[in-house]
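**Student:** Turn this into a model:
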Amino acid sequence: MQEKVSRITSLIEKFLEESISPEEERELNEWLAEAAHNDSFFRQITDKNVLREKLKIYAGTDSEAIWKKTLQKIDEQKSEGAKLVDLYPEKKSFRIPFGKIAAAAVIILLISGGTWYFLDKSTPEQTAKTETKQSDNKSQIMPGGNKAILTLGDGSEIALNNEADGNLADQGHMQLTKTDGRLIYKMKPGSDDLIPKQDLYNTVTTPRGGEYKITLPDGSKVWLNAASSLRFPIAFAGNERIVELTGEAYFEVNPQQQPATSQEKGEQNGKIAKTPFIVKINTPAGNKNEVEVLGTHFNVMAYTDESAIKTTLIEGKVKVTSGNNYKTIRPGEQAKLKEGNISIQKIDAENVVAWTNGFLPVAGPDVAYTMRQIARWYDVTIKYEGGKAPEGSFSGNLPRTANIESVIELLKINNIKARLNEKERTIIVKS
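**Tutor:** Numbering: from 1, shown residues only. All right, here's what the predicted structure looks like:
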């Protein structure tokens, strides 16, 4: 407990001082996504107005003892169905310009302020209160989870969410295993030099309300979002690695040396040729859209109900191609491909890939985009009473673990008039 408290405290302190590294921020986001009360508590203690008020009350308390007691009480209250306060401010809105003063203040709140975490009865504009329902009244609309269908080369299917960890199948010289909710491809022992006699392709498909992580045969990692599919060979051969995507996926590509002849090796003068990693994007029109990579982290959104294909680069360099048209993007940039035209813009890349860290990237001025994100993850239908989405700007980071009632509350906080028809699995929005 002591070590965990110290670590989380350190991460939040660095967050407030704006000195947190990308790796530390990801660690903090993982902790926030572990449980709704983690996120709730964090949002409150980093609210500058709350800091000013609560600091006066809790400045002189015993740190370790109260912190341990607070966490124990929160867990007890949670199991008994206590009311929790969920805050979802926009990511940038809670970066407090207090620097070290704010960081010092939050330490006091971290070790003493938990008692007001679940007892606070106020209802500020940026607060949505949700009540844990008893099991007999539990909503039938649940947030998405780790589920997907694996289609093997012979056409047989495996429901990955129903399978226990361990060996799933053997194909050629490759072994497919499931480990901690991730599908992993690796060579069988002693088969390093074997080449598959024929091309075998597998496809992983997620439903609405599903996601899945895959480690490809070359060691590249893929996070597949809801309502998406990825088709790939069980072993990459030749001078390029090609996968086919429908929907959305985040890639961490493993750099791989390209096979070369003896003559080519001599001509390279010591330089290593890397095997390109190419993502072919499936669209109803069948356009030749693709993303070419040499080793990088990037996100591709290519849902058929989105107006454009969006490629967002986190690290490295990629080339986006549509027919004979192509452009190269760099970290922090997004290429938007629409009707054969490619435009590039600066963007908050971390917000785009927030879904890989346990959040729905719903913030922004496009309400319809926000609603499509919610629809895919909760497997619901969105209906607009006025025939179209209302105008307005949406602020908030929505944890992917949030219940559907919290979603409705968050919409209302953002002045989006919405109501839930649970029987028809529909959110009705008034334009």
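
**Student:** and the protein, what are its domains?
**Tutor:** 2-137, 358-429 (automatic domain parsing).

**Student:** Report the mean confidence score over the shortest one.
**Tutor:** Confidence over domain 358-429 (mean pLDDT, whole number) is 87.

**Student:** end-to-end on it?
**Tutor:** 25 Å (Cα to Cα, to the nearest Å).

**Student:** where exactly do the helices run in the stretch 151-300 of the chain?
**Tutor:** 262-267 (DSSP state H, counting those that start in this stretch).

**Student:** what residue ranges in it score low on pLDDT?
**Tutor:** Within the stretch 151-300 of the chain, the stretches with pLDDT under 70 are 190-198, 258-273, 284-288.

**Student:** All the strands of it, residue numbers only.
**Tutor:** 157-159, 166-171, 174-179, 182-187, 201-205, 210-215, 221-224, 229-233, 241-252, 277-281, 289-293, 297-302 (DSSP state E, counting those that start in this stretch).

**Student:** Residue 319: which of the ones you listed is closest?
**Tutor:** strand 289-293 (4.5 Å; Cβ to Cβ). Glycine gets a C-beta too; all of them are placed from N, C-alpha and C.

**Student:** check contacts around the closest residue to residue 303 other than its chain neighbours.
**Tutor:** Spatial nearest neighbour of residue 303, excluding adjacent residues (Cβ to Cβ, 6 or more residues apart in numbering): residue 247 at 5.6 Å. Going by Cβ atoms under 8 Å, 6 or more residues apart in numbering, residue 247 touches 206, 224, 225, 226, 227, 228, 229, 301, 302, 303.

**Student:** do residue 327 as well
**Tutor:** Taking Cβ under 8 Å, 6+ apart, one finds 319, 320, 335, 342, 344 in contact with residue 327.

**Student:** Surely it is within a helix?
**Tutor:** No: using DSSP: H, G, I helix; E, B strand; the rest coil, the assignment for residue 327 is strand, not a helix.

**Student:** Tally up the residues packed near residue 189, please.
**Tutor:** 7 (other Cβ atoms under 10 Å).

**Student:** roughly how far apart are it and residue 372?
**Tutor:** For residue 189, the distance to residue 372 (Cβ to Cβ, to the nearest Å) stands at 45 Å.

**Student:** just residue 151 next, same as before
**Tutor:** Distance from residue 151 to residue 372, by Cβ to Cβ: 26 Å.

**Student:** now swap in residue 251 and tell me
**Tutor:** 22 Å.

**Student:** neighbour count winner among the two?
**Tutor:** A direct count of neighbours by other Cβ under 10 Å for residue 251 and residue 372 places residue 251 higher, at 25 against 18.

**Student:** my guess is the more buried one meets residue 219, correct?
**Tutor:** No: here residue 251 does not reach residue 219: they are 12.0 Å apart, not a contact under Cβ atoms under 8 Å.

**Student:** hmm, back to that, tell me the one of the contacts of residue 327 nearest residue 383?
**Tutor:** Checking those one by one against residue 383 (Cβ to Cβ), the nearest turns out to be residue 335, at 32.2 Å.

**Student:** If that closest one is in a bridge, with which residues?
**Tutor:** Bridge pairing for residue 335 (DSSP bridges) gives the partners residue 311, residue 344.

**Student:** ok, it to residue 354 distance?
**Tutor:** Taken as Cβ to Cβ, the span from residue 335 to residue 354 is 19 Å.

**Student:** and those two? which has more neighbours close in?
**Tutor:** Just comparing residue 335 and residue 354: by other Cβ under 10 Å the higher neighbour count belongs to residue 335, 26 against 22.

**Student:** Need the max-distance pair from the contacts of residue 327.
**Tutor:** 319 and 344 (11.8 Å).

**Student:** what's the strand or helix carrying residue 371 in contact with?
**Tutor:** Element membership for residue 371 (DSSP states H and E) is helix 367-378. Helix 367-378 is contacted from outside by 141-144, 208-209, 225-227, 303, 305-306, 360-364, 380-382, 388-392, 394, 398, 400, 404, 407, 416, 427, 429, using Cβ under 8 Å, 6+ apart.

**Student:** Please flag which of those residues sit within helices.
**Tutor:** Counting by DSSP state H, the part of those found in helices is 404, 407.

**Student:** Please tell me I have it right and residue 27 contacts residue 10.
**Tutor:** No: Residue 27 is beyond contact range of residue 10, at 10.2 Å (criterion: Cβ under 8 Å).

**Student:** re earlier: what angle do the helix holding residue 371 and strand 210-215 make?
**Tutor:** 80 degrees (axes from the mean of the first three to the mean of the last three Cα atoms, to 10 degrees).

**Student:** Export helix 367-378 to PDB, keeping only CA atoms.
**Tutor:** The C-alpha coordinates for helix 367-378 follow below in PDB (Å, rounded to 0.1, in the frame of the first residue of the first chain):
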ATOM      1  CA  VAL A 367     -21.000  16.200 -31.400                       C
ATOM      2  CA  ALA A 368     -21.900  13.600 -34.100                       C
ATOM      3  CA  TYR A 369     -18.400  12.200 -33.900                       C
ATOM      4  CA  THR A 370     -18.700  12.000 -30.100                       C
ATOM      5  CA  MET A 371     -22.000  10.100 -30.500                       C
ATOM      6  CA  ARG A 372     -20.500   7.700 -33.000                       C
ATOM      7  CA  GLN A 373     -17.800   6.900 -30.500                       C
ATOM      8  CA  ILE A 374     -20.300   6.200 -27.800                       C
ATOM      9  CA  ALA A 375     -22.500   4.100 -30.100                       C
ATOM     10  CA  ARG A 376     -19.700   1.800 -31.100                       C
ATOM     11  CA  TRP A 377     -18.400   1.200 -27.600                       C
ATOM     12  CA  TYR A 378     -21.800   0.700 -25.900                       C
END
